[in-house]
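1. Let me see the structure of the following:
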Amino acid sequence: MSPYALSILLSSLSLGTMLTFISNHWFLAWMGLEINTLAIIPLMTKLHHPRAIEAATKYFLIQASASALILFSSTINAWFTGEWTIIDIQTNLPTIMLTIALSMKLGIAPFHLWMPDVLQGLDLLTCLIVSTWQKLAPMTLLIMTHHLLNSDMLIIMALLSALVGGWGGLNQTQLRKIMAYSSIAHMGWMVLILTFLPHLMMMNLFIYLLMTLCMFMMLMHLNSLNINKLTMSWIKNPILTSMMMITLMSLGGLPPTSGFIPKWLILQEITKQSLMVVASLMALSALLSLFFYLRLSYAVSLTSSPNMSNSKLYWRFKNNTPNPLPLTIIMSNMLLPITPLMVDLFL
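-> Numbers count the residues shown, from 1 in each chain. All right, here's what the predicted structure looks like:
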């Protein structure tokens with residue numbers, strides 16, 4: 001793709017997200033979401049592969065349906081109240097429609113089925129954008145309207161997302177699908193705490209973005225798309241592969257990594273709200289997710305592919321461009337000691 005076209009598309013992505021960030025009017029927020037969707041479609045189809053075209057078509061249909069549902073819910077709300085402002089929803093029907101639309105945008109269960117198929121058809125850089133940047137605009141709308149939404153409905157959807165994200169990733173061999181189910185599970189944790197403590201949800205989003213960015217950058221560096229290719233990574237780059245194992249544990253929420261912070265604080269808050277059954281189910285779903293992360297770590301560290309090269313040296317050109325990977329590895333794995341500072345910042 002031409003650098004000029006790429007810069008225009010990335011600028012449009014930024015513009016759409018920023019429009020949604022600063023909007024207090026439903027029509028402006030809808031415009032931002034539409035610009036965001038239209039800017040990501042050419043990035044998805046740049047491979048000119050049937051799977052990429054299929055993924056872009058599925059993504060476009062889902063996102064366009066969700067945007068239309070947002071516009072429809074805001075129109076019904078304006079019909080009842082005479083207001084187009086985002087924080088003024090007073091009737092039940094627009095609230096339910098808005099919750100469904102934002103869940104479709106974010107890939108929250110039971111509206112999650114598009115996420116693994118779409119990510120499987122894309123290259124790793126576009127997967128990274130879909131898993132991180134594309135979550136920001138719908139999540140902003142969810143935070144702005146959280147006090148108006150049905151808390152029981154959000155808790156049920158959060159439980160479903162965490163369980164589906166845990167169960168769905170167990171039998172996968174493709175790393176992009178595993179990261180898709182990981183995203184679904186993390187969305188469940190964020191939606192669960194949204195009703196009770198939205199600032200904690202923002203901290204969870206920040207740590208999730210860090211961990212996902214770090215993981216996708218490692219996969220891009222090692223050029224691994226499935227578990228079989230991942231088994232060769234130890235020979236290519238042992239230090240990066242060992243860091244990948246720790247990052248996988250962080251994604252699973254294992255202490256003392258950074259991923260343990262949001263799960264610990266969320267379970268603590270849910271227990272304070274006397275939702276013992278919900279807290280127990282969320283902890284069990286975290287164990288499910290941790291199992292397939294451990295499976296990946298096992299494949300990386302304790303197995304070796306039978307078609308290894310006899311050469312111990314992998315010849316490659318030196319890359320002198322600045323690499324943000326070390327900083328993202330440190331932040332996605334070593335934030336636990338500064339948990340009090342993060343709690344003060346976000347809460």
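2. Which helix or strand lies directly C-terminal to the helix or strand of the chain with the lowest mean pLDDT?
-> Counting by mean pLDDT, DSSP states H and E, the chain has its least confident helix or strand at helix 233-236, which shows a mean of 77. As assigned by DSSP states H and E, the chain's next helix or strand after helix 233-236 is helix 238-252.
3. chain center to the next helix or strand along the chain from that following helix: distance?
-> Of the helices and strands lying after helix 238-252 in sequence (DSSP H and E), the nearest is helix 260-272. How far helix 260-272 lies from its chain's middle: 19 Å, per Cα atoms, centre = their mean, to the nearest Å.
4. any idea where the helices of the stretch 51-200 of the chain begin and end?
-> 92-106, 114-120, 124-131, 133-144, 151-168, 175-194, 198-222 (DSSP state H, counting those that start in this stretch).
5. In the protein, where is pLDDT below threshold?
-> 304-322, 347 (pLDDT under 70).
6. T195 contacts T145, correct?
-> No - if you go by Cβ atoms under 8 Å, T195 and T145 don't touch, sitting 11.5 Å apart. Using the backbone N, CA and C atoms, a C-beta is placed for each residue, glycine as well.
7. ok, and what's touching stretch 220-234?
-> 124-125, 128, 173-176, 219, 236-237, 240-241, 244, 296, 299-301, 303-305, 308, 325 (Cβ atoms under 8 Å, 6 or more residues apart in numbering).
8. and if you look at stretch 40-59?
-> 1, 5-6, 9, 13, 37, 60, 114, 117-123, 126, 129-130, 134.
9. can you pull the buried residues of that stretch?
-> Neighbour-count burial for stretch 40-59 flags I40, L43, M44, T45, K46, L47, A52, A55, A56, K58, Y59 (criterion: 16 or more other Cβ atoms under 10 Å).
10. What of stretch 112-131?
-> 112, 114-116, 118-124, 126-131.
11. Repeat that for stretch 182-202.
-> Result for stretch 182-202 [16+ other Cβ under 10 Å]: buried residues 182-198, 200-202.
12. now stretch 85-97
-> Applying 16+ other Cβ under 10 Å to stretch 85-97 flags I86, I89, P94, T95, M97 as buried.
13. Can you tell me the closest non-neighbouring residue to the second one?
-> I take that to be I89. Leaving aside its chain neighbours, I89 sits nearest to L148 (4.7 Å; criterion: Cβ to Cβ, 6 or more residues apart in numbering).
14. What residues does the one you found make contact with?
-> So L148 contacts I87, I89, T95 (Cβ under 8 Å, 6+ apart).
15. neighbours around H147, how many?
-> Neighbour count of H147, defined by other Cβ atoms under 10 Å: 12.
16. Please tell me how far it sits from V191.
-> 14 Å (Cβ to Cβ, to the nearest Å).
17. just A137 next, same as before
-> 16 Å.
18. Stretch 210-225: how far from the chain's middle?
-> 14 Å.
19. If you count neighbours, what's buried in that stretch?
-> For stretch 210-225, by 16+ other Cβ under 10 Å, it's 210-219, 221-222, 224-225.
20. And the furthest pair within these?
-> L210 and L225 (22.3 Å; Cβ to Cβ).
21. what sits against L124?
-> With Cβ under 8 Å, 6+ apart, L124 has these contacts: R176, F216, L219, M220, L225.
22. From L47, how far off is it?
-> From L124 to L47 the distance is 11 Å (Cβ to Cβ).
23. Could you do S73 as well?
-> 35 Å.
24. swap in S250?
-> 30 Å.
25. what does I330 give?
-> 32 Å.
26. isn't T140 right next to F21, touching?
-> Yes - counting by Cβ under 8 Å, T140 touches F21, with 5.7 Å between them.
27. More neighbours: which of these two?
-> The neighbour comparison of T140 against F21 (other Cβ under 10 Å) goes to T140, with 19 against 14.
28. got the buried residues for the least confident helix or strand of the chain?
-> Neighbour count says helix 233-236 has S233, W234 buried, by 16+ other Cβ under 10 Å.
29. cool, and stretch 335-342?
-> L335, L336, M342.
30. Just give the closest residue to the first one, not the sequence neighbours.
-> On the basis of Cβ to Cβ, 6+ apart, the spatially nearest residue to L335 that is not a chain neighbour turns out to be S258, at 3.9 Å.
31. Was I right to think that neighbour contacts S250?
-> Yes - counting by Cβ under 8 Å, S258 sits close enough to S250 to count as a contact (5.4 Å).
32. so what sits against both of the two?
-> What both S258 and S250 touch, as defined by Cβ under 8 Å, 6+ apart, is the set M211, S332, N333.
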